[in-house]
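Undergrad: what follows is a predicted protein model with its sequence.
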There are 2 protein chains.
Amino acid sequence: MKPLILVTNDDGITSLGIRTLVEAMQTIGDVIVVAPNSPQSGMGHAITIGEPLRLYETHIFDNVVEYECSGTPADCVKLAKHYVLQDRKPDLVVSGINHGSNSSISVLYSGTMSAAIEGAIEGIPAIGFSLCDFREDADFSHAVEYIKTITLSALQNGIPKGVALNVNIPAKTELPIKGIKVCRQANAKWQEKFDYRVDPNGRGYLWMAGDFVNFDTEKDDTDVWALDNNYISVVPCQYDLTEYEALKQLSTWNL
Amino acid sequence: MKPLILVTNDDGITSLGIRTLVEAMQTIGDVIVVAPNSPQSGMGHAITIGEPLRLYETHIFDNVVEYECSGTPADCVKLAKHYVLQDRKPDLVVSGINHGSNSSISVLYSGTMSAAIEGAIEGIPAIGFSLCDFREDADFSHAVEYIKTITLSALQNGIPKGVALNVNIPAKTELPIKGIKVCRQANAKWQEKFDYRVDPNGRGYLWMAGDFVNFDTEKDDTDVWALDNNYISVVPCQYDLTEYEALKQLSTWNL
């Protein structure tokens, strides 16, 4: 029996990235799509509580059972698992292909990766795929074979329990991809700059912008290093946020 | 010089929980508030990209510099650090007091805790406080002294770098709080149930609901155990999601 693969994303069901991913997954298994009906970039692990959700069947892809949802990427995984599929558990959740990098600290803000992590929470092997090119018409062509290779390898070897893979792929350039590196999340952050403007009604508003600052430039075992050197990065991500090293230190506080 | 304490939350600037926290922090330091202008529960680590932000000064509290923001809890911390304060770094970020538990897996969905983690990313000691009572008029009175104790201890001892504390406080009952436990995040999840209804216009919609399922019932070192036994739980949380144990296993895939 072919594996059942749930596909979602955070750029919305009409994006080129999810179309590319759906077509890649159709060569591997049976595909079901539950994806947001609008862009959800930067939604992190948001879920919809206190408001109802809309879920409608769509007819965008060929030979795919597909739904668009008014909620977040994490909502889509919950809806797929507990409402749409109910008695059949997917063999894999894949999310993306995101238009833009989700390496390093961006994993926290990423709807793409939060959907994958939601899959891991549900006990389903899960992978988030992102291309380091945020353009709507980004060229995904060089990514497809690598995505298939990683997906088949994950289905064959099994992703460790409680883990979702964060896969980032360099933007297409004239240089070939050098290969795939298993990495850790680089220690980095966004240094925000807010651009103050005044609207036509005289009220102020702010645009968030910023620069990426990498504190991990000395090391070659990070996702940022891999991408900077034209490798695909694969980071195993978990959802237990406990910093175990800190438990001892806190117990000396004698609270 | 008194410490500068940035206060935010996810229930919105008008909630009782943030008022309680502001008043508690005013006994310890100088307080600045940057908090959402609307409820942001379940927003996780969402940030506002692709839309502008509104930020307006408010006059809700006594002797406090305070702003309400149209964005998420994480946006509030970014705005406070990089726009409102600019050259003065807060000595502490506190978030809450949340109306409702943020123990175990809820830490991922929590706007309260994502604001605290955003503080940690900025290199600021940070604590998220939550009360296990989601009611708007929850009784926070028994929590205040514990919150002051934990805050003063954090300022005195220093929170480990890259760590935000997730503090959950049992709801007020006739039983006294037994004390404070340093814990790990329990391995648990929400088992969603979706309630399908039809709106007056004949279109379907869904409410997300669900049950909390704890897979960690044998252990007494988790936040859920602590809360079930009327202790306050303190979990040190990090933002490096890398599952280091899985790196070796993945490297055997020969990608």
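TA: That came through, no problem. Numbers count the residues shown, from 1 in each chain, chains lettered A, B, ... in the order given.
Undergrad: so what's the residue lying closest to A:Arg184 once chain neighbours are set aside up against?
TA: Leaving aside its sequence neighbours, A:Arg184 sits nearest to B:Thr242 (CB to CB, 6 or more residues apart in numbering or on different chains; 4.3 Å). Where C-beta positions appear, they are placed from N, C-alpha and C, glycine not excepted. Contacts for B:Thr242 (CB atoms under 8 Å, 6 or more residues apart in numbering or on different chains) come out as A:Arg184, A:Gln185, A:Val235, A:Pro236, A:Cys237, A:Gln238.
Undergrad: repeat that with 7 Å
TA: A:Arg184, A:Gln185, A:Val235, A:Pro236, A:Cys237 (CB atoms under 7 Å, 6 or more residues apart in numbering or on different chains).
Undergrad: ok but A:Val213 is inside a strand, no?
TA: Yes: looking at A:Val213 with DSSP: H, G, I helix; E, B strand; the rest coil, it is inside a strand.
Undergrad: hang on, the earlier thing: got phi/psi on the residue nearest to A:Arg184?
TA: With angles defined as degrees, to the nearest 10, B:Thr242 sits at phi -50, psi 130.
Undergrad: show me what it bridges to in the sheet.
TA: With DSSP bridges as the criterion, the beta-bridge partners of B:Thr242 are A:Cys237.
Undergrad: look up how far B:Glu23 lies from it.
TA: Between B:Thr242 and B:Glu23 the distance is 39 Å, computed by CB to CB, to the nearest Å.
Undergrad: what of A:Val84?
TA: Counting by CB to CB, the gap from A:Val84 to B:Glu23 is 46 Å.
Undergrad: now swap in A:Leu241 and tell me
TA: With CB to CB as the criterion, A:Leu241 and B:Glu23 are 29 Å apart.
Undergrad: out of the two, which sits in the more crowded spot?
TA: A count of neighbours by other CB atoms under 10 Å in any protein chain shown puts A:Leu241 above the other of A:Leu241 and B:Glu23, at 22 against 15.
Undergrad: surely A:Gly162 and A:Ile121 touch.
TA: No: if you go by CB atoms under 7 Å, A:Gly162 and A:Ile121 don't touch, sitting 8.1 Å apart.
Undergrad: and for the two, which residues touch both?
TA: A:Tyr239.
Undergrad: which of the two has more neighbours?
TA: The neighbour count for A:Gly162 versus A:Ile121, taken as other CB under 10 Å, is higher for A:Ile121 (23 against 18).
Undergrad: which phi and psi does the more buried one have?
TA: Residue torsions, per degrees, to the nearest 10, at A:Ile121 are phi -60, psi -40.
Undergrad: who's in contact with stretch A:95-102?
TA: Contacts for stretch A:95-102 (CB under 7 Å, 6+ apart): A:8-11, A:15, A:17, A:20-21, A:73, A:110, A:112-113, A:115-116, A:128-136, A:138, A:140, A:143, A:166, A:168, A:227.
Undergrad: how about stretch A:9-21: buried residues?
TA: Neighbour counts using 16 or more other CB atoms under 10 Å in any protein chain shown place A:Asn9, A:Asp10, A:Asp11, A:Gly12, A:Ile13, A:Ser15, A:Leu16, A:Gly17, A:Ile18, A:Arg19, A:Thr20, A:Leu21 of stretch A:9-21 among the buried residues.
Undergrad: can you flag which of these belong to strands?
TA: Using DSSP state E, the subset of the buried residues of stretch A:9-21 located in strands is empty.
Undergrad: want to throw those into CSV with distance to chain B?
TA: Converted to CSV, those look like this (distance: CB to the nearest CB, whole Å):
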residue, distance to chain B
A:Asn9, 15
A:Asp10, 11
A:Asp11, 11
A:Gly12, 12
A:Ile13, 17
A:Ser15, 14
A:Leu16, 17
A:Gly17, 16
A:Ile18, 18
A:Arg19, 21
A:Thr20, 20
A:Leu21, 18
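Undergrad: mind checking which of those are in helices?
TA: If you go by DSSP state H, the buried residues of stretch A:9-21 have A:Leu16, A:Gly17, A:Ile18, A:Arg19, A:Thr20, A:Leu21 in helices.
Undergrad: okay, the third one: pLDDT?
TA: With respect to pLDDT, A:Ile18 scores 98.
Undergrad: what distance do you get for it to A:Ala46?
TA: A:Ile18 is 19 Å from A:Ala46, by CB to CB.
Undergrad: cool, and the first one?
TA: Here the distance between A:Leu16 and A:Ala46 works out to 23 Å (CB to CB).
Undergrad: same thing with A:Lys161?
TA: Distance check for A:Lys161 against A:Ala46: by CB to CB, it reads 25 Å.
Undergrad: more neighbours, these two?
TA: Each of A:Lys161 and A:Ala46 has its neighbours counted (other CB under 10 Å); A:Ala46 has more, 27 against 11.
Undergrad: looking at it, the more buried one is touching B:Thr48, isn't it?
TA: No: assessed by CB under 7 Å, A:Ala46 is found out of contact with B:Thr48, at 11.4 Å.
Undergrad: could you say which helix or strand contains the closest residue to A:Trp207 other than its chain neighbours?
TA: Nearest residue to A:Trp207, sequence neighbours excluded (CB to CB, 6+ apart): A:Asp195, at 4.3 Å. Using DSSP states H and E, A:Asp195 maps to strand A:188-198.
Undergrad: pull up the pairing partners for that strand, direction included.
TA: Here strand A:188-198 is paired, per DSSP bridges, with strand A:204-214 (antiparallel).
Undergrad: mind listing the strands for chain A?
TA: With DSSP E as the criterion, chain A has strands spanning A:4-8, A:30-36, A:55-57, A:65-69, A:92-99, A:126-131, A:163-169, A:179-182, A:188-198, A:204-214, A:231-238.
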